[in-house]
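A.B. asks: Sequence and predicted model, in that order:
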Amino acid sequence: MNKNQIVGRAIALSAAIFYGFNTTLSRLAYDTGTTPVSLTIYRFLMSMLLMIVIVLILRKSWRIKVSPLVFGACVFGMVATSIGHLGAVNYIPVSLSAIIFYTFPLQVVAYKRIAQREPIARNELLAFGIAFIGIGTALGPDFQRLGACRI
């Protein structure tokens, strides 16, 4: 394994770990008065600072190899997702927000079947089902507290 592969895996692992803390830490930030928009801006600025440091250390190119329109659409999508998901934590329990957010594997399966008209392999369906059940079990939603949500 070369240096780039090691660095890439380390960055991916770090991103996954911090992404997992994202929802819970957001709830703590809201308890201190932060808003979803200010939290998203802060996350963006911290991410950019970290990427600049990584690019400078690794001496990589800053060039983006996609059209500005595609890049802008991806950035808009990430910001909207962040504000929506992290904003939800301000109104509903963290566990419920995470379960709703992590339904995306099931949405991918549905999209693949409906829009692309591709059959879903049994092992894919099983993997997505287990992942969704796993996140639900791990977070343990408390459906009795749903009535106490701030809306």
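C.D. replies: Arrived safely, thanks for sending. Numbers count the residues shown, from 1 in each chain.

A.B. asks: Excluding covalently adjacent residues, which one is nearest to N22?
C.D. replies: Excluding the flanking residues, the one nearest N22 by CB to CB, 6 or more residues apart in numbering is L86, at 7.2 Å. (C-beta placed from N, C-alpha, C; glycine too.)

A.B. asks: so is T34 in a helix, a strand, or just coil?
C.D. replies: coil (DSSP: H, G, I helix; E, B strand; the rest coil).

A.B. asks: Look at it and say how many residues are nearby.
C.D. replies: 15 (other CB atoms under 10 Å).

A.B. asks: check contacts around I83.
C.D. replies: Contacts of I83 were listed using CB atoms under 8 Å, 6 or more residues apart in numbering, and they are P36, V37, T40.

A.B. asks: Just to check, the first one is in contact with L86?
C.D. replies: In this case it means P36. Yes. Contact status for P36 versus L86: in contact at 5.4 Å, counting by CB atoms under 8 Å.

A.B. asks: For these two, indicate the residue with more neighbours.
C.D. replies: More neighbours sit around L86 than around the other of P36 and L86, counting by other CB under 10 Å; the figures are 25 against 20.

A.B. asks: From what I see, the more buried one and S26 are in contact.
C.D. replies: Yes. The pair formed by L86 and S26 meets the contact definition of CB under 8 Å, at 4.5 Å.
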